[in-house]
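Colleague: Sequence plus predicted model, see below.
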Amino acid sequence: MSGQAPEAAVERAVSTSSGRSESDRLGWPNYATVWRWHFYAGIFCIPLVLVLSVTGTIYLFRPQIEAWQERDLDRLPRDGQAVTPVTEQVAAALTRIPDSRFAALEMPAADADETTIAATRVLVDSPLGKSRVYVHPDDAKVVCSVVDDERFIRVVRRIHGELLLGKRGSYLVELAASWTIVMVITGMVLWMPRKFRAAGVLYPRWNVRQGKVLWRDLHSVGGFWVSGLILFLVVTGLPWSTFWGDYFKSMRRWTGTDVAAQHWESGHAQHTGAGEGKTPRKTGGAPSWRKPAPDPSSYSIDELPGVVAFAQTLPWLAPVVISPPSDSDSVWTIKSETANRPHRQTIRYDAAAGSVIDHTTFCDQHWVDQLVGQGIALHEGQRFGWANQLIALLATVGLVGLSCTGIILWWRRRDGPGLSPPGLPKKRPAVSRFRAALLLVTVMLLGVYLPLFGVSLIAVLLADILFVSRVPSLATWLGRAT
């Protein structure tokens, strides 16, 4: 290629920082080949990684965002009269949304002072979907209402989980996550020094005159410090994806570790059929109020005040949600849906008898569900307060930084209108059978753990052999001939 000179310059910069000689770079694992895989993984991942990093950063601060958005609803002025019965507040909410059913009641936050009161959150199910209706407790007048999936934080979550494309978007997100793992692993291989030195390995060389060396240091050193956090975020986010979530369920059934209902939402489940009068494809992991609301004739709404009175005695983390009986009985469900999942609890309360039927805590879950629950809480930045949020923020900001520095490095190195990937060595090194087998086993294990990665890898290899290699212009543009 005509771009060998700038590529050689970058190679010399890399060699200087990592202590690799020319013979080292031609040894196994082949440095240039690893670099090319890192490059191609980045080409696919970076656009989606930027979207996921930005939306993930916003979602990290969901509690603060929701508290700010609903600040006025938590401080409604009082007129001195007594609070109206909760059944009247529910009736007002149902009147506000035509053809709706009572789905749940979210326990209000503590009043800020004697002159203000928090709005009652009534959750209803209608042909429009799930809606939140905010009712003034003093006069049972509706303050406002909103379709739940149209709330800002829910839109951010849907972009983060499925790019607003439903199941297809979830597949794209999972593909990006899978190849991000490949990108991080190959990046760590590129970072590994043969001769250790702190400068350019543990911290960037700020005093270098060559800009490309500084950009490379920012990219590689920054990647070293945040790679573990990035891998953790990717792995703990997989249970939400549609394909991997179903794959995980199948593996649990095969290993005998499955449960009747998992304790987290999976992929597109909570949206399938919403607003169309259809039952979602799978609702086991969804909060109880996101399931189809029960027929109001199957229970007595007059039992709700007693359930609320009991729920007010529970020292649980908010939000605490009360759901009506799903069968023709008086057993209501009281559940803490705090984002700090290890603190979640559920009580099934017999309103007619005034007694607790059963009480389930996080420790009662299967160890697999506990492990996933801990991971999700850490992923969302809700496990141990501000510290958790800041650590997760470091990972998302690091991903944005790595993506931007990667683009800059490519832009400075590119040659011509094509992708300009890193060049291959003129002399292919001999690879021992053991090392070749180790590489093959590693790829196979990744393919088993990440099925979409395995399928996409096979598709890419077949496309390269059957199509790209036969179209010279495309092969040159993709850099296959370099």
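Modeller: Sure, I can see it. Numbers count the residues shown, from 1 in each chain.
Colleague: Which segments of this protein make up each domain?
Modeller: With domains defined by automatic domain parsing, the chain comprises 4-61+160-238+386-478, 73-157.
Colleague: mind putting those domains in a markdown table, distance to Val307, mean neighbour count and mean pLDDT included?
Modeller: Yep, even glycine has a C-beta here, placed from its N, CA and C like the rest. As requested, the domains of the chain are exported to a markdown table (distance: least, C-beta to C-beta, whole Å; neighbours: other C-beta atoms under 10 Å; pLDDT from 0 to 100):
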| stretch | distance to Val307 | mean neighbour count | mean pLDDT |
| --- | --- | --- | --- |
| domain 4-61+160-238+386-478 | 31 | 17 | 83 |
| domain 73-157 | 9 | 17 | 91 |
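Colleague: Adding distance to Leu371, write those domains out as a markdown table.
Modeller: Written out in a markdown table, the entries for those read as follows (distance: least, C-beta to C-beta, whole Å):
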| stretch | distance to Leu371 |
| --- | --- |
| domain 4-61+160-238+386-478 | 10 |
| domain 73-157 | 22 |
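Colleague: Could you look up the SS state of Ser131?
Modeller: Here Ser131 is recorded as strand under DSSP: H, G, I helix; E, B strand; the rest coil.
Colleague: That one contacts Val124, doesn't it?
Modeller: Yes. Ser131 sits in contact with Val124 when judged by C-beta atoms under 8 Å, with a separation of 5.3 Å.
Colleague: what do these two both touch?
Modeller: 97, 100 (C-beta atoms under 8 Å, 6 or more residues apart in numbering).
Colleague: List just the one of the domains of the chain that sits closest to Lys335.
Modeller: Each of the domains of the chain was scored for nearness to Lys335 using C-beta to C-beta, and the closest is domain 73-157 (9.0 Å).
Colleague: How far does that closest one sit from its chain's centre?
Modeller: Domain 73-157 has its average C-alpha position 28 Å from the chain's average C-alpha position, going by C-alpha atoms, centre = their mean, to the nearest Å.
Colleague: measure that domain end to end?
Modeller: For domain 73-157, the separation between the terminal residues is 23 Å (C-alpha to C-alpha, to the nearest Å).
Colleague: related to what we said a few turns ago, nearest to Asp295, out of the domains of the chain?
Modeller: domain 73-157 (7.6 Å).
Colleague: now stretch 298-315: how far from the chain's centre is it?
Modeller: Remark: stretch 298-315 is offset 34 Å from the chain centroid, using C-alpha atoms, centre = their mean.
Colleague: any idea of the mean pLDDT in it?
Modeller: Average pLDDT, stretch 298-315: 94.
Colleague: which other residues reach that stretch?
Modeller: Here stretch 298-315 has contacts from 85-87, 90, 102, 105, 107, 320, 322, 324-330, 332, 334, 336, 345, 347, 349, 351-352, 354, using C-beta under 8 Å, 6+ apart.
Colleague: Let me see the contact set for Phe453.
Modeller: Neighbouring residues of Phe453 by C-beta under 8 Å, 6+ apart: 175, 178-179, 181-182, 446-447.
Colleague: which of these lies closest to Asn388?
Modeller: Distance from Asn388 was checked for each of those by C-beta to C-beta. The minimum falls on Ile181, at 22.1 Å.
Colleague: isn't the closest one right up against Val234?
Modeller: Yes. Here Ile181 reaches Val234: they are 5.8 Å apart, a contact under C-beta under 8 Å.
Colleague: what's Val147 sitting at in phi/psi?
Modeller: For Val147, the backbone dihedrals are phi -70, psi 130 (criterion: degrees, to the nearest 10).
Colleague: Surely it and Val124 touch.
Modeller: No. Contact criterion C-beta under 8 Å: Val147 and Val124 do not qualify, at 10.3 Å.
Colleague: Please identify every residue contacting each of those two.
Modeller: 130-131.
Colleague: hmm, back to that, now go through the contacts of stretch 298-315 and say which are in strands.
Modeller: Within these, membership in strands is found for 102, 105, 320, 322, 332, 334, 336, 345, 347, 349, as judged by DSSP state E.
Colleague: how much space between the second one and Arg121?
Modeller: It stands for Leu105. To Arg121, Leu105 is 7 Å away according to C-beta to C-beta, to the nearest Å.
Colleague: again with Ser355
Modeller: Per C-beta to C-beta, Ser355 is found 26 Å from Arg121.
Colleague: With Ala353 instead?
Modeller: Ala353 sits 27 Å away from Arg121 when distances are taken as C-beta to C-beta.
Colleague: now do Pro85
Modeller: Plainly put, Pro85 is 16 Å away from Arg121 if you go by C-beta to C-beta.
Colleague: for Val34, same thing?
Modeller: With distances taken as C-beta to C-beta, Val34 is found 53 Å from Arg121.
Colleague: again with Pro294
Modeller: From Pro294 across to Arg121, the span is 19 Å (C-beta to C-beta).
Colleague: same deal with Val307?
Modeller: Per C-beta to C-beta, Val307 is found 15 Å from Arg121.
Colleague: go on, Gln365?
Modeller: Distance, Gln365 to Arg121, using C-beta to C-beta: 26 Å.
Colleague: go on, Pro325?
Modeller: 20 Å.
Colleague: Okay, and the residue nearest to the spatial centre of the chain sits in which element?
Modeller: For the chain, the residue sitting closest to the mean C-alpha position, by C-alpha atoms, centre = their mean, is Gly237 at 4.5 Å. Taking DSSP states H and E as the definition, Gly237 sits inside helix 211-237.
Colleague: and that helix, what other elements does it pack with?
Modeller: For helix 211-237, the contact count by 3 or more C-beta pairs under 8 Å, 6 or more residues apart in numbering; DSSP states H and E identifies helix 4-18, helix 166-191, helix 367-379, helix 385-413 as packing neighbours.
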